[in-house]
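Peer 1: Fold the following for me, if possible:
(2 chains)
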Amino acid sequence: MSGVQSSELLRMEDVFTWFPIKGGILGRTQAYVKAVDGVTLSVRRGETLGIVGESGCGKTTLARTVVRLAEPIKGRLLFDGTDILKLKGGRLKPFRRKMQMVFQDPYASLDPRQNVRSALTEPMHIHGIVSGKNEADKRAAELIRIVGLNPDHLSRFPHEFSGGQRQRIAVARALAVNPEFLVLDEPTSSLDVSVQAQILNLLRDLQKELGLTYLFISHNLAVVRQMCSRTGVMYLGRVVEIGPTESLFERPRHPYTEALLSSVPLPDPTKRRLLAPLEGDVPSPITIPSGCRFRTRCGYATDKCAEVFPPATEVAPDQFAECLYDIDFAKKTKRELPVSSVQ
Amino acid sequence: MSETEPQIEARRSADLRLALHLFRKNPLVLVGLVLSVGSIVLALLSPFLVNSTSWQITHPLLKNCWNNPLFGWGNSNIAHDCSSSYVLGTDSYGRNLLTMIVLAIPVDLQIALEVVLSAVAIGIVFGATASYAGGIVDEVILRVTDIFLAVPGILLAIVFMVVFGRTLTVLTGAVLLIWWPTYVRLVRSQVLSEKERPYVESLRSIGAGRFRILFRHIVPNSIYPLLVQATLDIGSVILTVSALTFIGLSPSPLLPELGNLASLGSQYFFTAPWLIIFPGLTILLISLGFNLLGDGLRDILDPRLRR
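Peer 2: Numbering: from 1, shown residues only, chains lettered A, B, ... in the order given. From the prediction side, this is the model:
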């Protein structure tokens, strides 16, 4: 990818995260769930990269792979130029400090028997960024104010808070170790709508103030459009299209992106959809179709789609799609693309 | 920077009200609490209440004496010289039975506490290790507990005492031998379910080490069922210890231990029934007390009730 913007903070190259399915008496591996199946992408310093896709497409596994909670079976994961997949234990720890994750369910991601002060100071002690208890407590009070809560809340336990408050605590905890990079795995999907907006605003303010870089996982297209400078669309373990949010939403190039975007309900009842909603089910991530993985549900698929693996092609400035054709969705016409600039 | 005093006060009184409410809903817990706390207090006070060496002194002339003025015991005044009154009579060595029971309670409770606490400690160490390490470690630990669970407990304890001799320490060890596998399995299963909870993953992403996650987070979160089991088991351990001494595995025939006292009395069941009834009743009350308390704790500590 050409260095259009500032430098890359994180780069994934051909990352495969497969989970073995064991069976039989001997417990031998019989197949793999190909949750992440060859993802190449980069996150640029200071940006918010959104990842969208339907349930089960591998978004969360992608996030877990980035923060080293799921082990990929191959690929490279470069953080600031260092391949962190090769690091273990103590040598991985400084990188763990630099990238933190905010989880989907704030009700479950905090230890129920740990009060907020302890939850916030624990990561500081783990990474040795404070010299003593007083300093840690002071910093915890500072953090809790940054995320919009009251220092009085520090001695309370998670079950005494609402969902939105808990997610604020989770954000404060992620920030406790001064990270550069936050992986946000559907941080608002378990919150109700009014609280979602508050958390999103908080995240945006924090990004501005602290110069953070976000990888924002979501299935909510409206939220991604609002939050992200670039967006990647995932289908069955691959990023099938990635590009600047505005151009991707305005003019999607991959038929799956088009289908995903047209599945959003329109607020105007007089408008009609361009495309019928997708038919059929998502194929199993165990047996992924040959060639283009979307061909089984794609209205434009040809025989060639089953044979040729579509490479990522730069279809517009900084916008890449894994499709063999340049499709005009309004006129329902397509033209074969020359295999040009490969990502 | 913490909560203000009235806030803390309010929260505490709310907690207290909840506890009282739960007690009221289940009054048997109160009975359990009174019985178990009562027996512990009695055990702690016993050196001050009675002469703690009196169990070694026998009075052949006072054998099986019953001279309670409040009620006669059918075939009672068989005694030789029952000039002074003994509330619960005397035993076959002529010792005051009430004194013996008061001396026996701390002996039994001490064994029970030692057994249960050691079993909990062993359970936490091996159970947590097994489930967190998984694989071959888990398999080995589980198979060892299987071996111990496969042999009938009492038999295991008898063999152990026959081999290592009849002392109080060996008796404690023998009972521990019966109890530890249950705790290993209990902790293992608790940790197994706890370690899949999302907060464990969030701790890993923060960079917390295995030991920190296991012993600072997972174990404290799995402690409630353990606490309930331990309380319930105090009663059962006392029963087992009594059973072992009753069948003759007592370190000394004179030892004031509830099972041993009952065993002594069993020979005189028809002539001096108080000898087996009162020690037996004490065993019943103590183990019933701890069982009721354990049941109540389970209800009170159950997170489904609290949240």
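Peer 1: where does A:Ala316 land on pLDDT?
Peer 2: pLDDT for A:Ala316: 88.
Peer 1: cool, and B:Leu226?
Peer 2: Confidence score, pLDDT, at B:Leu226: 89.
Peer 1: cool, and the one 4 residues further on?
Peer 2: At B:Ala230 the predicted local distance difference test score is 91.
Peer 1: Distance check, it against chain A.
Peer 2: To chain A, B:Ala230 is 18 Å away according to Cβ to the nearest Cβ, to the nearest Å. (Glycine included, C-beta is placed from N, CA and C.)
Peer 1: That residue: neighbour count?
Peer 2: Here the count is done by other Cβ atoms under 10 Å in any protein chain shown, and B:Ala230 has 25 residues near it.
Peer 1: Once you drop chain neighbours, what's closest to it?
Peer 2: B:Val116 (4.9 Å; Cβ to Cβ, 6 or more residues apart in numbering or on different chains).
Peer 1: hang on, that neighbour packs against B:Leu227?
Peer 2: No. Look at B:Val116 against B:Leu227 with Cβ atoms under 8 Å: they stay out of range, at 10.5 Å.
Peer 1: Tell me which of the two has more neighbours.
Peer 2: Comparing B:Val116 with B:Leu227 by other Cβ under 10 Å, the one with more neighbours is B:Val116, at 23 against 14.
Peer 1: okay, and the helix or strand of chain A with the least pLDDT?
Peer 2: strand A:333-336 (a mean of 80; mean pLDDT, DSSP states H and E).
Peer 1: I meant chain B, not that one.
Peer 2: Taking mean pLDDT, DSSP H and E as the measure, chain B has helix B:303-306 as its least confident helix or strand, at a mean of 48.
Peer 1: dump the residue contacts of B:Gly32.
Peer 2: Residues near B:Gly32 by Cβ atoms under 8 Å, 6 or more residues apart in numbering or on different chains: B:288-296.
Peer 1: So which of those residues wins on neighbours?
Peer 2: Most surrounded of those: other Cβ under 10 Å gives B:Phe290, at 27 neighbours.
Peer 1: give the contact list for that residue.
Peer 2: With contact taken as Cβ under 8 Å, 6+ apart, B:Phe290 is in contact with B:32, B:35-36, B:231-232, B:234-235, B:238.
Peer 1: Recalculate using a threshold of 10 Å.
Peer 2: B:32, B:35-36, B:39-40, B:109, B:112, B:116, B:230-238 (Cβ atoms under 10 Å, 6 or more residues apart in numbering or on different chains).
Peer 1: In helices, which of those appear?
Peer 2: Cross-referencing the contacts of B:Phe290 against helices under DSSP state H gives B:32, B:35-36, B:39-40, B:109, B:112, B:116, B:230-238.
Peer 1: mind checking pLDDT for the most centrally placed residue in chain A?
Peer 2: Centroid check for chain A by Cα atoms, centre = their mean gives A:Ile217 as the closest residue, at 3.2 Å. Note for A:Ile217: predicted pLDDT of 94.
Peer 1: For it, list each beta-bridge partner.
Peer 2: Beta-bridge partners recorded for A:Ile217 (DSSP bridges): A:Ile51, A:Asp185.
Peer 1: any idea how far it lies from chain B?
Peer 2: 14 Å.
Peer 1: so the residue nearest to B:Ala230 makes contact with B:Thr231?
Peer 2: Yes. If you go by Cβ atoms under 10 Å, B:Val116 and B:Thr231 touch, sitting 8.4 Å apart.
Peer 1: Enumerate every residue touching B:Val184.
Peer 2: With contact taken as Cβ under 10 Å, 6+ apart, B:Val184 is in contact with B:119, B:122-131, B:141-142, B:144-145, B:148-149.
Peer 1: I'd guessed B:His217 sits against B:Gly209; true?
Peer 2: No. The criterion here is Cβ under 10 Å, and B:His217 misses it with B:Gly209 at 11.2 Å.
Peer 1: gap between stretch B:123-136 and the chain center?
Peer 2: 25 Å (Cα atoms, centre = their mean, to the nearest Å).
Peer 1: Same question for stretch B:166-184.
Peer 2: Centroid displacement of stretch B:166-184 relative to its chain, using Cα atoms, centre = their mean, is 12 Å.
Peer 1: Also stretch A:118-131?
Peer 2: 26 Å.
Peer 1: Give the full set of residues in contact with B:Asp146.
Peer 2: B:181, B:185 are the contacts of B:Asp146 under Cβ under 10 Å, 6+ apart.
Peer 1: Residues contacting stretch A:20-34, please?
Peer 2: So stretch A:20-34 is contacted by A:16-19, A:56, A:58, A:61, A:73, A:236-238, A:284-288, A:293 (Cβ under 10 Å, 6+ apart).
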